[in-house]
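Trainee: got a sequence here, can you model it:
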Amino acid sequence: MRSTSENNLQAALKACRSSFMSVGFFSLFINALMLVPTFYMLQVYGRVVTGGSLTTLAMLTIIMTLLLVTMGLLEWVRSRIMIRVSTRLDVLLSQDVYKASFKRALDSGGIDASAQPLNDLTGLRQFMAGNGLFAFFDAPWLPIYIAVLFLFHPWYGWAAIGCAVILLALACINEKSTGKVLAEVNAQSIGATLHTTKNLRNADVIESMGMLDSLISRWSLRHKNVLLLQSRASDRSGMITSISKTFRLIVQSLILGLGAYLAVSHEISPGLVLAGSVLLGRALAPLDLIIGSWKGFIAARAQYARLDSILDQQKTDPERMQLPAPTGHLTVQNLVLGPPGSKTPIIKGISFSAPAGATIGIVGPSASGKSTMGKALMGVWRPLQGVVRLDAADIANWNKSELGPHLGYLPQDIELFEGSISDNIARFGVVDPDKVVLAARTAGVHEMILMLPNGYDTLIGVGGMNLSGGQRQRIGLARAIYGSPRLIVLDEPNAHLDEVGERALALALQQIKSTGATVFVIAHRTSILAQLDRLLVMSAGTISLYGPRDQVLEQLSAHSLAAQHKPGVKAGADAASSSV
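Mentor: Prediction:
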């Protein structure tokens, strides 16, 4: 059972702990078998060369070959284990990281919308499946090699300790000189990529108004800064890596000289001359590899930190008892609401109720809070104060996967997702052809879809066809009413529609009303008001009028006439009437 103090990343790593222990266990035998060439060399010099026994040479060679083949198999198994561990981590975490990315984008109002956490998970998986990580498993066995070198001769041991200390110092210098710079490079690169992605989504606006050169200039400045930082970090890392490799080669050569001196002095056998150099090189190889792969390690550490942070912020919603399907009765009580992350409210203390089956128009001037109200009714943005209740239950307390089919939402900016038209209408669930066609007919888009190259199977998005704004809006309407939801919010559903589309929308609203759904229509254009029962007039984040449509329209007209006879009088209703 997962501890409440650990996030999903820590829990996943804990679940893979036995695999890491297996890798460490295999590393023990692999590093022990790394001694085989050294002892083979000693035996050849000590027994074969001096004794002249070819049988001994043959047996030693067979034993050496078998042991090294075994070592190769163990390395292969160790590599396969790490590949499977990295894959398992991806499987365990990918959905959680996806949800955390979505939650961060939702909480930031789309400002922080990025797939970077998924890229971080991929980068971490690739690092774990690479060879750089094995250096960290092999480095702890350095004392074993040093102990063997001490057995050869104390000077060998002390030389190995001195070399190891110098290489560790180089690793620390590498960390100090490149760690912060590489972290800044990663942050700058992520920001530049996110900025470019947002620009590319508005390519038509950029092209139409000749903004490309200016945007390229801005991007170029950020990109040059990234290149400068990256070059600085690479220069430092490359210099330290070169020093490390050169130092290790010099030491391996010097140890030969030391061995020759000791052999001439009759303190060691001739076989130990080469054996000491080979073993020292093997002992220092993991440290040299750590320094060489430090850049990848820094990147993986940063990726882990970002994943740990975003998953730490993700709170698992408590399990809730399933509630009965809502009827659509809505109550808003003292609602104060602002954009995610902001403490400045757009909606200020609103209260009203709407019975099930009502059709309500939300009107008012620009920036009066209409679209914000729509997000509040859908439970997209969390209130700073107050509550939105659906069938007396706080809409924030509903399980979203259970409540979703009972809600329909058509935002201002219609976004259809990559897939077929039928997938989009069916909300990417199991496609029920009857329900898809019914929703399309109700939205007045069935005939238009049939005229497309592959009808309902026409692909849109990447690799598919592009639809006009009106087509997207009508398909978005079909998606909003798919499955006969009980609460529907339509944010300016006629913004991109022509006269034919307006008539189709009017018919659609009549059919939606017949299903008993509660419908809120945020509108600027007056043509749609004839289909509504009630009007809610907003001004500066508050409700100035609310009631039956005809009664509200009469009050707006009266206020407008009064304002004409009293110049200088400002009323929220006057501004609202101008928008209606």
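Trainee: A helix includes S27, no?
Mentor: Yes - under DSSP: H, G, I helix; E, B strand; the rest coil, S27 falls within a helix.
Trainee: check which helix or strand the residue nearest to it when sequence neighbours are not counted maps to.
Mentor: Distances taken as C-beta to C-beta, 6 or more residues apart in numbering place F137 nearest to S27, at 4.4 Å, with adjacent residues excluded. Any C-beta I mention is one placed from the backbone N, CA and C, and that applies to glycine too. F137 belongs to helix 134-138 when assigned by DSSP states H and E.
Trainee: now for the next helix-or-strand element following that helix, which elements pack on it?
Mentor: Going down the chain from helix 134-138, the next helix or strand is helix 142-152, by DSSP H and E. The contact analysis (3 or more C-beta pairs under 8 Å, 6 or more residues apart in numbering; DSSP states H and E) places helix 142-152 against helix 17-33, helix 154-201, helix 271-292.
Trainee: please parse the protein into its domains.
Mentor: Domains of the chain are assigned by automatic domain parsing as 1-112, 133-292, 355-381+409-579.
Trainee: among these, which is nearest I346?
Mentor: domain 355-381+409-579 (4.6 Å; C-beta to C-beta).
Trainee: next, I362: secondary structure please.
Mentor: Following three-state DSSP, the label given to I362 is strand.
Trainee: list the contacts for it?
Mentor: Contact partners of I362, counting by C-beta atoms under 8 Å, 6 or more residues apart in numbering, are 370, 373-374, 520-523, 536, 538.
Trainee: so, low pLDDT: which residues of the stretch 451-580 of the chain?
Mentor: Filtered on pLDDT under 70, the stretch 451-580 of the chain yields the residue ranges 462-465, 560-580.
Trainee: break down it into its helices, ranges please.
Mentor: In the stretch 451-580 of the chain, the segments counted as helices under DSSP state H, counting those that start in this stretch are 469-481, 499-514, 549-565, 572-579.
Trainee: just say which of those is most tucked in.
Mentor: Most buried of the helices of the stretch 451-580 of the chain, by mean neighbour count (mean count of other C-beta atoms under 10 Å): helix 469-481, with a mean of 23.
Trainee: ok, residues contacting it?
Mentor: Applying C-beta under 8 Å, 6+ apart, the contact partners of helix 469-481 are 408-411, 414, 416, 421, 424-425, 427, 436, 439-440, 442-445, 448-449, 467, 488, 490, 493, 495-498, 501, 504-505, 508, 512, 517.
Trainee: only whichever of those residues are buried, select them in ChimeraX.
Mentor: The buried subset of the contacts of helix 469-481, as determined by 16 or more other C-beta atoms under 10 Å, is captured in ChimeraX by this line:
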select :408,409,410,411,414,416,421,424,425,427,436,439,440,442,443,444,445,448,449,467,488,490,493,495,496,497,501,504,505,508,512,517
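Trainee: among the contacts of helix 469-481, which lie within strands?
Mentor: In this view, the contacts of helix 469-481 that belong to strands under DSSP state E are 408-410, 488, 490.
Trainee: which residues does the residue nearest to A426 when sequence neighbours are not counted contact?
Mentor: Excluding the flanking residues, the one nearest A426 by C-beta to C-beta, 6+ apart is V436, at 5.5 Å. Residues counted as contacts of V436 (C-beta under 8 Å, 6+ apart) are 422, 425-426, 456, 478, 482.
Trainee: one more: L262?
Mentor: Counted by C-beta under 8 Å, 6+ apart, L262 has contacts 153, 155, 268, 272-273.
Trainee: quick check on the nearest residue to K343 once chain neighbours are set aside: phi, psi?
Mentor: Of all residues not flanking K343 in the chain, L384 sits nearest, at 7.0 Å (C-beta to C-beta, 6+ apart). Taking degrees, to the nearest 10, you get phi -70, psi -30 for the backbone angles of L384.
Trainee: low-confidence regions, the stretch 201-350 of the chain specifically.
Mentor: Using pLDDT under 70, the flagged stretches of the stretch 201-350 of the chain are 201-209, 314-319.
Trainee: going along the chain, name the helices of it.
Mentor: For the stretch 201-350 of the chain, the helices defined by DSSP H, counting those that start in this stretch occupy 203-208, 212-264, 271-292, 294-313.
Trainee: can you redo those helices as TSV with distance to N399?
Mentor: Putting those into TSV (distance: least, C-beta to C-beta, whole Å) gives the following:
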stretch	distance to N399
helix 203-208	38
helix 212-264	42
helix 271-292	48
helix 294-313	21
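Trainee: packed most tightly, which of those would that be?
Mentor: Buried most deeply of the helices of the stretch 201-350 of the chain, by mean count of other C-beta under 10 Å, is helix 271-292, with a mean of 21.
Trainee: helices or strands next to that helix in the packing?
Mentor: helix 36-43, helix 134-138, helix 142-152, helix 154-201, helix 212-264.
Trainee: please repeat the previous calculation with a cut-off of 10 Å.
Mentor: helix 17-33, helix 36-43, helix 134-138, helix 142-152, helix 154-201, helix 212-264 (3 or more C-beta pairs under 10 Å, 6 or more residues apart in numbering; DSSP states H and E).
Trainee: my read is that G259 contacts F152, right?
Mentor: Yes - with contact defined as C-beta atoms under 10 Å, G259 reaches F152; the gap is 8.7 Å.
Trainee: between those two, which contacts overlap?
Mentor: Shared contacts of G259 and F152, defined by C-beta atoms under 10 Å, 6 or more residues apart in numbering, comprise 268-269, 271-273, 275-276, 280.
Trainee: and these as a markdown table, adding distance to A11?
Mentor: Output for the shared contacts of G259 and F152, formatted as a markdown table (distance: C-beta to C-beta, whole Å):
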| residue | distance to A11 |
| --- | --- |
| I268 | 53 |
| S269 | 55 |
| G271 | 52 |
| L272 | 50 |
| V273 | 53 |
| A275 | 47 |
| G276 | 47 |
| L280 | 42 |
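Trainee: most widely separated two among those residues?
Mentor: Within the shared contacts of G259 and F152, S269 and L280 form the most distant pair, 16.8 Å apart (C-beta to C-beta).
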